[in-house]
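Participant: need a structure here:
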Amino acid sequence: MPLSELAPEEDRAPRRGRRKEARPGELLDAALDLFVEKGFAATRAEEVAARAGVSKGTLFLYFPSKEELFKAVVRENISGRFAEWEEEFKSFEGSTADMVRYCMRVWWERIGSTPASGITKLIISEARNFPDIAAFYQQEVIRPANQLIRRILQRGVERGEFRPLDIEYAVFSIVAPMVFLIMTKHSLGACVPQEYPLDPQRYIDAQLETLLQGLCVRPAAGGRP
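Facilitator: As a prediction, this is how the structure comes out:
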């Protein structure tokens with residue numbers, strides 16, 4: 001159950017009528033915005049509470065520390081989606097190339113194009129200074145994401161759709177372009193020439209074309225394998 005549904009009934013009144021309390025979902029929304037805007041180190045608990053319109057004491061009733069608040073934000077917006085994605089891929093009936101296309105496009109739609117993608121930039125920027133939250137992100141996001149991509153690639157190899165691959169490293173061929181897209185989005189496009197702003201859909205389609213042309217099995221010259 002999403003954390004936004006855990007609030008008591010009295011907290012579910014229209015927002016204007018209840019400024020002394022806030023349900024967890026409002027606190028998580030405020031925390032996500034601030035973590036993305038300011039980073040982990042610079043975000044203060046009282047700022048999150050103020051943006052949600054409650055006291056710091058109310059915030060700590062739900063989340064006893066900034067670290068626990070950050071973990072809840074990650075679970076609500078990113079890692080909590082893996083069960084849903086697992087079910088989608090289990091029931092996927094198309095080719096593995098289509099599954100890779102679906103994976104990258106849906107990731108952008110559900111995570112990359114939303115404020116939640118800023119969490120990745122935060123982790124890249126601050127992991128060295130906050131090893132505990134980096135380890136948490138590794139366990140909750142990076143590891144399950146890589147496992148899911150690994151299974152997709154393995155499916156393609158086993159079905160004869162992809163050539164034999166070094167699966168462990170081929171995973172990064174899918175992950176790296178998406179990380180670049182996130183960093184471009186949240187770093188004011190520093191890596192992209194100003195004369196042509198990066199269009200996310202065109203970028204993903206171009207990456208898919210390059211990636212899949214390198215993965216798909218092609219008949220050898222003369223029709224021999």
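Participant: just confirm residue 32 contacts residue 77, I think it does.
Facilitator: Yes - the pair residue 32 / residue 77 is scored as a contact, 6.3 Å apart, by Cβ atoms under 8 Å. Placement of C-beta: from N, CA and C, glycine included.
Participant: who has more neighbours, those two?
Facilitator: Legend: neighbour count by other Cβ atoms under 10 Å for residue 32 and residue 77, higher for residue 32 (23 against 20).
Participant: the closest residue to that one other than its chain neighbours: neighbour count?
Facilitator: Using Cβ to Cβ, 6 or more residues apart in numbering and skipping residues adjacent in sequence, the residue nearest residue 32 is residue 73, 5.1 Å away. As a burial measure, residue 73 scores 25 neighbours (other Cβ under 10 Å).
Participant: you'd agree residue 73 is up against residue 30?
Facilitator: No - between residue 73 and residue 30 there is no contact under Cβ under 8 Å: 9.7 Å.
Participant: residue 53 - how many residues pack around it?
Facilitator: Residues near residue 53, counting by other Cβ under 10 Å, number 17.
Participant: so what secondary structure elements neighbour the longest helix along the chain?
Facilitator: Taking DSSP state H as the criterion, the chain has its longest helix at helix 167-186. Using 3 or more Cβ pairs under 8 Å, 6 or more residues apart in numbering; DSSP states H and E, the elements in contact with helix 167-186 are helix 96-107, helix 118-126, helix 143-158, helix 200-215.
Participant: buried set for it?
Facilitator: 167, 170-171, 173-174, 177-178, 181-186 (16 or more other Cβ atoms under 10 Å).
Participant: can you give me the offset of stretch 147-162 from its chain's centre?
Facilitator: Centroid separation for stretch 147-162 versus its chain: 21 Å, with Cα atoms, centre = their mean, to the nearest Å.
Participant: what do you get for stretch 111-120?
Facilitator: Distance of stretch 111-120 from the chain centroid (Cα atoms, centre = their mean) equals 6 Å.
Participant: so after whichever strand or helix holds the residue nearest to residue 32, what's the next helix or strand?
Facilitator: Secondary structure assignment for residue 73, by DSSP states H and E: helix 66-77. Going down the chain from helix 66-77, the next helix or strand is helix 82-90, by DSSP H and E.
Participant: what bits of this structure have low per-residue confidence?
Facilitator: Within the chain, the segments meeting pLDDT under 70 span 1-22, 188-196, 218-225.
Participant: in contact with residue 163, which residues?
Facilitator: 157, 215-217 (Cβ atoms under 8 Å, 6 or more residues apart in numbering).
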